[in-house]
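In: model the following, please.
(chains A and B)
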Amino acid sequence: MPTPTRAAVTAPTSSHEETMSAQDDAQLQDASEAGEAPQVENPLSVGLTFAVNEVPAQEARGQRLHRLRHSTAHIMAEAVVQLFPDAKVATGPAIEHGFYYDFDLPRSLTPDDLVEIERRMRKIIKRGWRFETVTVPWAEARQRFLAAGQDYKLEVLDRIAETQGEAAAVVSLYRQGHFVDLCAGPHIGSTRIAKHFKLLRTSGAYWRGDATRPMLQRVYGTAWETEAELEGYLHWLEEAKKRNHKKIGQELDFFTFHAWAPGAVFWSPRGYTVYQEFLTYWRQSHKRRGYKEIFNPVLYKKDLYEKSGHYTHYKDDMFILQADDTEYCLKPMNCPDTFLHFISRRRSFRELPLRLSEGGILHRNELTGALNGLFRVRQFTQDDAHIFVAEEQVQDEIAEILDIVRDVYALFELKYDFTLSTRPEKFMGDPAVWTEAEAGLRAALDRCVGVGSYRVADGDGAFYGPKIDIQVTDCLGRKWQCATIQLDFQQPINFDMKYTASDNSQKRPIVIHRAVFGSFERFFGILLEHTAGALPTWLSPVQAVVVPISDKVLDYASEVLRVLEARGIRAEVDNRNEKMNYKIRQAEVMKVPYMLVVGAREAETGVANVRTWQQGARGELPLAAIADEIAQVIADRRFDVVVEPLMDFADADSDAAAGDESDEY
RNA sequence: GCUGGCGUAGCUCAACUGGCAGAGCAGCUGAUUUGUAAUCAGCAGGUUGCGGGUUCAAGUCCCUCCGCCAGCACCA
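Out: Next comes the predicted model:
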């Protein structure tokens, strides 16, 4: 342990502590009471004169949180180095809701280690070490980290030299306590500010995010300006855990998995009912908009995928099997076979835009570690469609698709935003064609969404074309990739697609690939987490349950059931030999939207006592009125559940976290 | 695929450092005939993920494989 030149200092008064923020921090740095650097120096900083780290008095919350979290990462690194003097430190940025730091350690960390690291962090924080900084020539920094055996920092230094050129002549070091790090900042003034934190988990993480590089140990933590915020965030984590769709899926008997079909869903009757409701809605809404549905094979000779490029660009993700000395592929996407349909006969300009949808069963050989409930499966169905258009129809057609996106997401009251993904490293075709396609999507986005109101993700496009991705945000503030719109100039060439134009010339169509739900599986998973399993009535597997108070009224209960079923309502009678309270509890637990309690009184007057999942007991209503109401809610596909936003901690840090992490080390 | 953890009844979980696998819920049978979130009693339920090893003795320790979970990487 380092010996400080001066005893560490009295903490600020306790009443002040809870609300201490970066503003206080800025004032604190001037106070002589802040802990100074220890006498026994880290070899990295021998002979250097550090200056007090300047913290602006006023700063946006996002910036302050970023500063705090990045500093907490440094404090954690100090604690880890205390425990493992031979540790090599990698990088430790602030991220959304927290921070992490990557280490190369002699052994794996255990949960007990986390407790010990946290304990040491609290000691460091209590000491109130100042964060200090110094600028040194690049070459000197390299010497120092070389001598210290900090290989990863050497790589970071090399990267700085590569990417920043002249600007890399000098680099900055930061120090707190005994820990010295190559770092661009920013940091807080004193470790004392960083008290509202918690370490969350450890995991492996590839150095530089590169699967070919060594795997380091990453420790994740969260840090906030107040204890209340920290608790709010931890509560949010608990809520997210409770809403896990795998848990809800089991509790509500929607689906199961089996080890013998990893990554494939076994739909239970209740879950499959919901699944089919999605499909029915999808079919109805698309038929209205001029889509035609096709249904193609699932197994193809590899020739198809050689033509489409999947065999070259997507082979690792495909299930390939051998039969009759021939390679067959389970289809991973609907596009190639839809193209076979398109070229199955001559096409006229009069057919365009030709909107062909297919809810085919897709198989993708996802890596075992990627599988995750309904979110990531190996067999799934996309609400897919491919639209063949003439060049001049592209803009209008994309506008039309964006309109569908709006419709569908409005149905579930989901918020969403857009990302334009451009040409990836592994791409097919002529870069000039790509540029044209990207410009087309950009123009459509500018027109329909607004200039500058969408994100651009360079290099995230599909191998055959750029795309617009739509992310939905659930009530826990998490974002999910669902809808996608891809513009494809390449496959029409691969498949030599043509149509006869009005002047009798042969023209090449452009293909738009699009999905709105994305995959039904994933969308269902998202909806389950968003609603915690309380689905809107139109999707509920059982929309109403009749609760007879005793078996003396079973006949009347059957009569009520008939009335409901006559209106197409999915209803059941709970005729088990149980008390009413038990049946109501069961219905509540299973999140049945409507419960109709019937006893002797109701039987006499031809009514039912209505209770809904959302509103509780509502009192007696005539059967016809109840049936009318339920039937109407279903027909409207009304989103008759209340989903409160659950992010009850002030989360102003997302933007800061989305910043360039590569600048932090 | 990589790192770490986990795998006991349909579900949720027990079983101290190796020493007779147990409970609640669900299920079945019976009693009870109920007024807005769990009626009572009884019964039944297991080659402890698969395979191997160590040991007098393995749910427990070791190894292979499978699956799941949290991340990483990949992605709808």
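
In: how close does the closest residue to RNA strand B within chain A sit to residue A:245?
Out: Chain A approaches RNA strand B most closely through residue A:369 (1.9 Å), counting by C-beta to the nearest atom of the strand. C-beta: built from backbone N, CA, C; applies to glycine. Distance, residue A:369 to residue A:245, by C-beta to C-beta, to the nearest Å: 19 Å.

In: A helix includes residue A:592, no?
Out: No. Residue A:592 is assigned coil when assessed by DSSP: H, G, I helix; E, B strand; the rest coil, not a helix.

In: pull the number of nearby residues for it.
Out: Here the neighbour count serves as a burial measure; for residue A:592 (other C-beta atoms under 10 Å) it reads 26.

In: residue A:447 now?
Out: Residue A:447: 14 neighbours (other C-beta under 10 Å).

In: same check, this time on residue A:576
Out: Neighbours of residue A:576 using other C-beta under 10 Å come to 11.

In: so it sits right up against residue A:557, yeah?
Out: No. The pair residue A:576 and residue A:557 fails to qualify as a contact (C-beta atoms under 8 Å) at a distance of 11.7 Å.

In: any idea of the pLDDT on residue A:240?
Out: Per-residue pLDDT puts residue A:240 at 87.

In: can you pull the contacts of it?
Out: Residue A:240 sits next to A:476, A:478, A:529 when contact means C-beta atoms under 8 Å, 6 or more residues apart in numbering.

In: distance between the helix or strand hosting it and the chain's centre?
Out: Element membership for residue A:240, per DSSP states H and E: helix A:227-242. The chain centre lies 18 Å from the centre of helix A:227-242; the measure is C-alpha atoms, centre = their mean, to the nearest Å.

In: and RNA strand B, is the helix or strand following it touching that?
Out: As assigned by DSSP H and E, the chain's next helix or strand after helix A:227-242 is helix A:245-251. Yes. Using C-beta under 7 Å from any atom of the strand, helix A:245-251 reaches RNA strand B at A:246, A:250.

In: what's in contact with helix A:245-251?
Out: A:254-256, A:271, A:373-375, A:524-526, A:528-529, A:532-533, A:589.

In: and with 10 Å instead?
Out: Outside helix A:245-251, the residues that touch it by C-beta atoms under 10 Å, 6 or more residues apart in numbering are A:241-242, A:244, A:252, A:254-257, A:265, A:267-268, A:270-271, A:372-375, A:522, A:524-534, A:589-591.

In: low-scoring stretches of the stretch 51-200 of chain A, by residue?
Out: Under the criterion pLDDT under 70, the flagged ranges of the stretch 51-200 of chain A are A:166-168.

In: what does it put close to RNA strand B?
Out: Close to RNA strand B, as judged by C-beta under 7 Å from any atom of the strand, the stretch 51-200 of chain A has residues A:108, A:110.

In: run a quick neighbour tally on residue A:311.
Out: 17.

In: now swap in residue A:88 and tell me
Out: By other C-beta under 10 Å, neighbour count at residue A:88 equals 18.

In: which parts of the stretch 201-350 of chain A are helices?
Out: Taking DSSP state H, counting those that start in this stretch, the helices of the stretch 201-350 of chain A run over residues A:227-242, A:245-251, A:269-288, A:302-308, A:310-313, A:335-342.

In: just the buried residues of the longest one, please?
Out: Neighbour-count burial for helix A:269-288, with 16 or more other C-beta atoms under 10 Å as criterion, is recorded at A:270, A:271, A:273, A:274, A:275, A:277, A:278, A:281, A:282, A:285, A:286.

In: which residues does residue A:539 contact?
Out: By C-beta under 10 Å, 6+ apart, the residues touching residue A:539 are A:273-275, A:277-278, A:281, A:412, A:524, A:527, A:531, A:593, A:634, A:637, A:639, A:641.
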